[in-house]
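Trainee: Kindly return the folded structure for what I paste below:
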Amino acid sequence: MARFSRLEVWTAMEQVGLIPMFYHGDAAVARQIVAALSAGGATVIEFTNRGDRAFEVFRELAVHNEQEHPGLILGAGSILDAVTAGLYINLGADFVVGSVLNPEVARLCNRRKVVYCPGCGSASEISEAEELGVEMCKLFPAEQLGGPAFVQAIKAPCPWVKILVTGGVEASWENLRAWFKAGATCVGMGSNLVRKDLVAAQAWDDLIALTQQCLVWVQQARAELARPGK
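Mentor: Take a look at the predicted model:
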C-alpha cells in the first residue's frame, strides 16, 4: 500500500514542481538512478511500466526506498488498466500515472486512497477526469497537443484545473519557464533528465547536478511569475 496520503503526494508534487520519470530493467541501476535524483533534490519520482517484468524492478525499488530514502515518494507510470494499477498499488506505489484516462483505474485509486494522474488530451477529458475525483491531470503528449499555448488555453476558462505536463519538457530555462508561465502546476521530465548517456556512463554526479539545475530553474520561473505584472 502507499506510504503517503493523497494530500501528501499532491502537496509534494506542487511544491517541488518537477517529477523525474524513468525506466530501467536492471534493479541495481534503477536504485542508482533514484539515489542520484534524490540527491539532486527530487522528492517525487515516477517509475514507468514500460519493460518486461517492470513490476519486479519496482518492487525492489519500493523496498529499497523504505530503508534508504524513507521520505521519497515513488509512483508508477504508463498504467493503462485497473489490473496493472492494482498490482503496483499492492507493491507500494504512492501514486499512479496513466497515458490515458481510464474510469476503472480512477475508481480503484479512489477506493485505495491513491493519487491518480490520468493522461488527458482535451478539455472534455480533463472535465471527465475531475468528475471521477482526479485532482491533477497529466497533459500528454503535451508538445504534440500544442505546447504551452494549449495549457494556457485550457486554464483560461478553467483556472482551477491543475496540470502535470509531460512530453516535450526539456532541461532548459526557456522551456521550463514557458510551461510554468502557461499555467502548469508541475512538469514531468523523462529522457531529457535521466539521459541515456549519463546512465550508460554511470555519471551519477552529472545526473545529480542536472537535477539540481532543473529544480533551480523551476523555482526561478515560479518566483519570476509570482512578481506583480508577470
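
Trainee: for the protein, longest helix please?
Mentor: helix 204-226 (DSSP state H).

Trainee: Against which helices or strands is that helix packed?
Mentor: strand 18-22, helix 27-39, helix 173-182, helix 196-200 (3 or more C-beta pairs under 8 Å, 6 or more residues apart in numbering; DSSP states H and E). Where C-beta positions appear, they are placed from N, C-alpha and C, glycine not excepted.

Trainee: From the chain's centroid, how far away is the longest one?
Mentor: It stands for helix 27-39. Helix 27-39 sits 16 Å away from the centroid of its parent chain (C-alpha atoms, centre = their mean, to the nearest Å).

Trainee: Please name every helix or strand in contact with the helix or strand that it is followed by.
Mentor: The helix or strand immediately downstream of helix 27-39 is strand 44-48, counting by DSSP states H and E. Where contact means 3+ C-beta pairs under 8 Å, 6+ apart, strand 44-48 is packed against helix 6-16, strand 18-22, helix 27-39, helix 54-68, strand 73-77, strand 95-97.

Trainee: Return the list of helices and strands in contact with the last one.
Mentor: Right, the one you point to is strand 95-97. Judged by 3+ C-beta pairs under 8 Å, 6+ apart, strand 95-97 is in contact with strand 44-48, strand 73-77, helix 82-90, strand 115-117.

Trainee: out of those, deepest packed?
Mentor: Stretch with highest mean neighbour count among these: strand 115-117 (a mean of 29; mean count of other C-beta atoms under 10 Å).

Trainee: Least confident secondary structure element in the protein?
Mentor: helix 142-145 (a mean of 93; mean pLDDT, DSSP states H and E).

Trainee: That helix: which residues count as buried?
Mentor: Neighbour counts using 16 or more other C-beta atoms under 10 Å place 142, 143, 145 of helix 142-145 among the buried residues.

Trainee: Off-centre distance for it?
Mentor: 16 Å.

Trainee: Name the residues of the following helix or strand past that helix that come out as buried.
Mentor: For helix 142-145, the following helix or strand on the C-terminal side (DSSP H and E) is helix 148-155. Residues of helix 148-155 classed as buried by neighbour count (16+ other C-beta under 10 Å): 148, 150, 151, 154, 155.

Trainee: ok, residue 148 touching residue 178?
Mentor: Yes. If you go by C-beta atoms under 8 Å, residue 148 and residue 178 touch, sitting 4.5 Å apart.

Trainee: Local confidence estimate at residue 132?
Mentor: Listed pLDDT for residue 132 reads 97.
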